[in-house]
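Chemist: no letters, just coordinates:
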């Protein structure tokens, strides 16, 4: 992959900033998390030496960063199959398959949802050249409904509605263990781990360190199986990995999650019959699907409501488990 190298000299007014914060400001709209991944990959140098993202810069430091092509602000159209659930002159709603990244990042150049969308239509400016039109996002291995704005007015309006909790987003998720509660309101703040910024943890509000972000998930139990439970999770906030982290925190990690609850998953898999185990292993990632979306149209104020079934691998597992509902 072609790389572009950029060099910066730290000014006196910038002294003391974290390296990732310094570079994300200089390279906006590139995010701190993208800088962190590049730093961990050895692509960020301070005075000629690889440096971790949490280092504090000093006046006069020479900072060098090697950016993959998609992080330089050049976004190329790439034709991919799209399941468009709704589209008009203002916005579109797409059913994203599991495994498809929403926007380019480190190690992901052109085969993303955004690349496919700009090959299909024009999008609002959004949050910069790498995230045009994206009002909210889904993790790469989370499937389901996602809104993209075509106009700046639609983007601004829909972003405000999400911030004000006026967009209803509901997810189907299969978790390990039998959930006893019929309903749970999980109100636990989250924040990124300093030692691994690609991961998020649920933390008490009084925990030392950087202030965590408020996060609330409304969870309802739909079906109980001998080793798993099907839940519906309604997002009241939209933090990174929120549903996965919250459910892992209460002792029920999402089935197929490649990051959270791995020890519990290993234990649970030992008790599965061969057919169930094979269906779990066939999941491309976490069994988490954004199945329902409801909001008011930014131009007409008409209420729009959409629902899509889980992707094939998750549907096959649910059909198999349904034979043993408890």
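Modeler: Happy to help now that I have it. What you are looking at is a predicted structure, and each value in this text was computed from that prediction instead of being measured.
Chemist: can you tell me how far residue 22 sits from residue 178?
Modeler: 48 Å (CB to CB, to the nearest Å). For glycine as for every other residue, the C-beta is placed from the backbone atoms N, C-alpha and C.
Chemist: which one of those two has more residues nearby?
Modeler: residue 22 (25 against 14; other CB atoms under 10 Å).
Chemist: counting contacts, what elements does the strand or helix carrying that one pack onto?
Modeler: Using DSSP states H and E, residue 22 falls within helix 19-26. If you count contacts as 3 or more CB pairs under 8 Å, 6 or more residues apart in numbering; DSSP states H and E, helix 19-26 packs onto strand 3-9, helix 32-40, strand 44-46, strand 62-68.
Chemist: quick check: next helix or strand after the helix or strand where residue 172 lies?
Modeler: Taking DSSP H and E as the criterion, residue 172 maps to strand 168-176. Using DSSP H and E, the helix or strand that follows strand 168-176 in sequence is strand 183-187.
Chemist: so residue 239 makes contact with residue 200?
Modeler: Yes. With contacts counted by CB atoms under 8 Å, residue 239 reaches residue 200, the gap being 7.1 Å.
Chemist: so what's in contact with those two at the same time?
Modeler: Residues touching both residue 239 and residue 200 (CB atoms under 8 Å, 6 or more residues apart in numbering) are 190, 245.
Chemist: for residue 214, what are its contacts?
Modeler: Here residue 214 is in contact with 187, 189, 237 (CB under 8 Å, 6+ apart).
Chemist: so which of these comes closest to residue 44?
Modeler: residue 189 (28.9 Å; CB to CB).
Chemist: excluding chain neighbours, what is closest to that closest one?
Modeler: residue 212 (3.4 Å; CB to CB, 6 or more residues apart in numbering).
Chemist: so how far is stretch 117-130 off the chain centroid?
Modeler: 18 Å (CA atoms, centre = their mean, to the nearest Å).
Chemist: and if you look at stretch 303-321?
Modeler: 19 Å.
Chemist: list the contacts of stretch 152-163.
Modeler: Counting by CB under 8 Å, 6+ apart, 90-91, 124-126, 133, 135-136, 147, 149, 167, 238, 295-296, 298-299 sit against stretch 152-163.
Chemist: cool, and stretch 271-289?
Modeler: 98-99, 139-144, 171-174, 227, 243-244, 254-258, 269, 310-311, 313-314, 316-317, 320-321.
Chemist: now those: which count as buried?
Modeler: With neighbours counted by 16 or more other CB atoms under 10 Å, the contacts of stretch 271-289 contain buried members at 98, 139-144, 171-174, 227, 243-244, 254-257, 310-311, 313-314, 317, 320-321.
Chemist: dump the residue contacts of the most centrally placed residue in the chain.
Modeler: The chain has residue 139 as the residue nearest its centroid, 3.1 Å off, counting by CA atoms, centre = their mean. Listed by CB under 8 Å, 6+ apart, the contact set of residue 139 reads 241, 244, 285-286, 288.
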